[in-house]
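Colleague: Sharing a model prediction with you, sequence too.
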Amino acid sequence: MEFNAEEFKENLTARLKRQYGKDITQANAHDLFDAVSASAQELIMDNWMKTRREYEKKPTRQVYYLSAEFLMGRALSNNLINTLIKDSVVDVLKSLNIDYNLIEDQEPDAGLGNGGLGRLAACFLDSLATLDYPGHGYGIRYEYGMFEQHIENGYQVEYPDNWLVHRDPWEVKRSDLAVTVKFGGNVAVAKWPNDTDRFYVENAEEIIATPYDMPIVGYDTNTVNTLRLWQASSPNGFDLQLFNDMQYNRAVERQNDAENISRVLYPNDSGPSGKALRLKQQYFFSSASLQDLVRHFVSEYGTDFRKFPEYHVIQLNDTHPVVAIPELMRILMDEYGLGWDESWSIVSKTFAYTNHTILAEALEKWPINIFQGLLPRIYQIVEEINRRLVMELRDKYPTDYSKQNKMSIINNGMIHMAWLAIHGCFSVNGVAALHTELLKTQELKDWYDLYPQKFNNKTNGVTQRRWLLCANPELAKFITAKIGNGWQKDLTKLKDLEKFADDEAALKEFLAIKQANKVKLASYLKETQNEFLDPESIFDVQIKRLHEYKRQLLNVLHIMYLYNRLLEDPNYNPPARTFIFGAKAASGYRRAKTIIKLINTVAERINNDRRVRGKLRVVFVENYRVSVAEKLFPASDVSEQISTAGKEASGTGNMKFMINGAVTIGTLDGANIEIVEEAGAENAFIFGLTADEIIKIESEHSYNPQKYLERNPQLAKVMNQLIDGTYDPTHQLFREIYDSLVYGVEGQRPDVYYVLADFAAYVEAQEKVAATYSDRMKWAKMALLNIARSGKFSSDRTIEDYVRDIWKLKKVEVK
Ligand code: 26Q
């Protein structure tokens, strides 16, 4: 991209004057953020238009990534880096006496996702554009994203994330492309000209879906793809009649009800919550996206829809957009008059489904009454899809009624969205090797037996542009100095760093960079939450959503154990450690919230105990989010990846740690397995039960957590401290946690996630971490080899895998 410093300066000043009536000296940091971003957006605009034109020039197969979540984080630095103008912009601002860092910090995170699944979608968009593939995102423009987390008295308290208080300089509203989405009503029948039945919905509630586009800027290329987010509104403004009758609330009711659809991101605990508004969100953006695609197709190619699957592949990010499958059936049949078979043949060549979880309770099901009430015509279509599926199943398994039943999409008054996805898609993929194996042999075994050719693995990845180049510029510079450029677009190039594994000078340089990042993090946490961190200590970090299966509890129990040990044994002198947590608990997830309270309670006790000062500290980072993650990964020494084996589908934070030179302590779960495969077992600390061992224990019903307490007095002591007043004078706060581990509560088995079973092995692995860290050069070598061998975990590799096996796209270069 051409960059002219003078022009940029003029543009910036003109904009400040036009928009804010201020000159450079009067503008505040936020004004400047907005004006710098808008000026950058204007530079991006040319390539955005060119890219669109290039894709329209001739029929182009494109992928559409339908996702209820896009966890984009901040855009300014990313866009400046991807267009290669960051340094020049920083210089221009410096010449105006403006500190770029202050401006950057004004940008709110686009936190339109819960965690891994949403951030994966964002990394994929970056890789698609960077690799010159025509691929775009479709989602929801939530007015409120992931809630803001405050810690009050050790408890999580949620506040709304009002990320749109100021205008978003990156979005472009496209009112001209608005579509209508219908809810409720009843199905009626008319006739097509050829006298066949034509179904339509009457008396429906109509909602307007208006798209807002965000540019997705590829790195060092002209390609700029699009993330299109839909906003809901009412076609009937407010009711003037009611207003004149002074019924002010009722006057805006319809408007509010409509706008509620895109009001707020749902948290991911809710399990089988069956919230009608959540289903409305899903249909809202799925329907709007498909209408958008079909309208565009018809205007370009007419109504011969046999070409539709040639030009479109639609990737469904988990079950959240699966209602798009019957929606495309509806559009083809009810709006264009195609027959069932013709429509199904098109639909079943168009969609592909990614599964992100093996937790059975997390598979989405909708109660028939909610579904049918909101989407009567879609329900009919799902019924017909299911009727035909069940006929196939009877044919294939004539005597196995149990199987026919289990695999029925509609069963026990519920609609199983994963079943609908597997049946309606030509591809079903898991997100790490183990995860896909478990889907094939356990959770989705019946479906794998029916459709083995559909199943495939696509191990997740992360974009090195955001997670290394942007987040850790010093390490990026070090890497380029050692091995040259090229790794930015081909992460396997990092392999060349291996030759520095025994180069003492290089290792010292690496350690100095890590140290500087730790100092930076310490000063950030001092500033934001008045927390003291000793950068000389090991930064041992667990940052991810709070979930029992992720086992933050195992981490805390180990900290409580370490604390006991330090107090009991004055000769015990491990290297100083700072345990850092960042985690949001879904607002309705009681036990997760209690675990946050426990972490903060333990932190408070330990951090105020002089006897362990300089040896042990615990820090809970408030409101963990993408922009904070960008400060945490570069400053981490130890990466905590300690989920119960078999439960974490992949993990992607594990990869972000790896490319930033942190060493993993973890279980053989998700992508951890592939990480140690690449890094070498000697460069990680692996512990605990394997997925196979756990499957065996579960099939034998042989797990008895109490036996671990009897055998391990230190564990028994720690457990007892949950309820003996050590941390809580009431003895009650953490009793629920204790009971769930030892006895099982609410009909659950005790210790469902094998915390007590893995405790001793975890302690042992942590001792190895401490011993290894004491030899700084050995540690530096391990960290460097992790970086050197992280090439596989670029989302560029993941995208190439999707392109080769599922999407079959060709690169389109934009001149
Ligand atoms: C479902 C129904 C109702 C309300 C919310 C939800 C919901 C929302 C979000 C369910 C799940 C999610 C998010 C899941 C998620 O982030 N999964 C993670 O996906 C990553 C990317 O593949 C994996 O690396 C992680 O292992 C997986 O936990």
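Modeller: Happy to help now that I have it.

Colleague: for the ligand, what are the nearby residues on this structure?
Modeller: For the chain, the contact set with the ligand under C-beta under 6 Å from any ligand atom comprises 114-117, 120, 266, 268, 270, 273, 278, 356-357, 364, 431, 460, 648-652, 670. Just so you know, the C-beta spots here come from the backbone N, C-alpha and C atoms, and that holds for glycine as well.

Colleague: Now a PyMOL select for only the buried ones of these.
Modeller: Applying 16 or more other C-beta atoms under 10 Å to the residues of the chain next to the ligand, the buried members can be selected in PyMOL as follows:
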select buried, resi 114+115+116+117+120+266+268+278+356+357+364+431+460+648+649+650+651+652+670
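
Colleague: which residues of the stretch 551-700 of the chain fall in strands?
Modeller: Using DSSP state E, counting those that start in this stretch, the strands of the stretch 551-700 of the chain run over 577-582, 616-621, 638-641, 663-666, 685-686.

Colleague: Pick the most deeply packed of those.
Modeller: strand 638-641 (a mean of 27; mean count of other C-beta atoms under 10 Å).

Colleague: What strands flank it, and is each parallel or antiparallel?
Modeller: Applying DSSP bridges, strand 638-641 is found paired with strand 538-543 (parallel), strand 663-666 (parallel).

Colleague: For stretch 667-683, buried residues please.
Modeller: Quick answer for stretch 667-683 (16+ other C-beta under 10 Å): 667-676, 678-679, 683.

Colleague: all helices of the stretch 101-250 of the chain, in order?
Modeller: 116-130, 240-244, 248-251 (DSSP state H, counting those that start in this stretch).

Colleague: List the buried residues for the shortest one?
Modeller: What that stands for is helix 248-251. For helix 248-251, using 16+ other C-beta under 10 Å, the buried residues are Ala251.

Colleague: what are the C-alpha coordinates of that helix, in CSV please?
Modeller: Provided in CSV are the C-alpha atoms of helix 248-251 (Å, rounded to 0.1, in the frame of the first residue of the first chain):
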residue,chain,number,x,y,z
TYR,A,248,-44.7,5.9,26.0
ASN,A,249,-43.4,2.4,26.9
ARG,A,250,-45.9,0.6,24.7
ALA,A,251,-45.2,3.1,21.9
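
Colleague: oh, and call the first residue 56 from now on, that's how I've got it
Modeller: Renumbered: residue one is now 56, and that last one reads helix 303-306.

Colleague: contacts for the helix or strand bottoming out on mean pLDDT in the chain?
Modeller: One helix or strand of the chain scores below all others by mean pLDDT, DSSP states H and E: helix 303-306, with a mean of 82. For helix 303-306, contacts defined as C-beta atoms under 8 Å, 6 or more residues apart in numbering pick out 293-295, 297-298.

Colleague: hmm, back to that, out of the helices of the stretch 156-305 of the chain, which is the most enclosed?
Modeller: helix 171-185 (a mean of 26).

Colleague: What's the local residue count around Gln310?
Modeller: 16 (other C-beta atoms under 10 Å).

Colleague: thinking Phe565 is in contact with Trp834, fair?
Modeller: No. Phe565 is beyond contact range of Trp834, at 10.0 Å (criterion: C-beta atoms under 8 Å).

Colleague: As a check, name the ranges of all strands in the stretch 256-405 of the chain.
Modeller: 260-272, 279-288, 367-372.

Colleague: so how far is the shortest one off the chain centroid?
Modeller: Here the centre of mass of C-alpha atoms in strand 367-372, compared against the chain's by C-alpha atoms, centre = their mean, to the nearest Å, lies 17 Å away.

Colleague: Tell me which other helices or strands that strand touches.
Modeller: On a contact count with 3 or more C-beta pairs under 8 Å, 6 or more residues apart in numbering; DSSP states H and E, strand 367-372 meets strand 117-121, helix 171-185, helix 331-356, strand 406-409.

Colleague: same deal with the first one?
Modeller: Applying 3+ C-beta pairs under 8 Å, 6+ apart, one finds that strand 260-272 contacts helix 84-112, helix 131-137, helix 171-185, strand 227-228, strand 234-238, strand 279-288, helix 331-356.

Colleague: again, only using 7 Å
Modeller: helix 84-112, helix 171-185, strand 227-228, strand 234-238, strand 279-288, helix 331-356 (3 or more C-beta pairs under 7 Å, 6 or more residues apart in numbering; DSSP states H and E).

Colleague: Return the list of strands paired to that strand, each annotated with direction.
Modeller: Going by DSSP bridges, the partners of strand 260-272 are strand 227-228 (antiparallel), strand 234-238 (antiparallel), strand 279-288 (antiparallel).

Colleague: what number of residues lie near the nearest residue to Ser288 once chain neighbours are set aside?
Modeller: What sits nearest to Ser288 in space, not counting adjacent residues and going by C-beta to C-beta, 6 or more residues apart in numbering, is Ile263, at 4.8 Å. Close neighbours of Ile263, defined as other C-beta under 10 Å, add up to 19.

Colleague: Ile263 pairs with what?
Modeller: Thr235, Ser288.

Colleague: Thr235 is in contact with that one, correct?
Modeller: Yes. Between Ile263 and Thr235 a contact is recorded at 6.2 Å, counting by C-beta atoms under 7 Å.

Colleague: Distance of the residue of the stretch 256-405 of the chain found nearest the ligand relative to Val307?
Modeller: In the stretch 256-405 of the chain, the residue that lies nearest the ligand is Asn323 (3.4 Å; C-beta to the nearest ligand atom). Asn323 sits 31 Å away from Val307, going by C-beta to C-beta, to the nearest Å.
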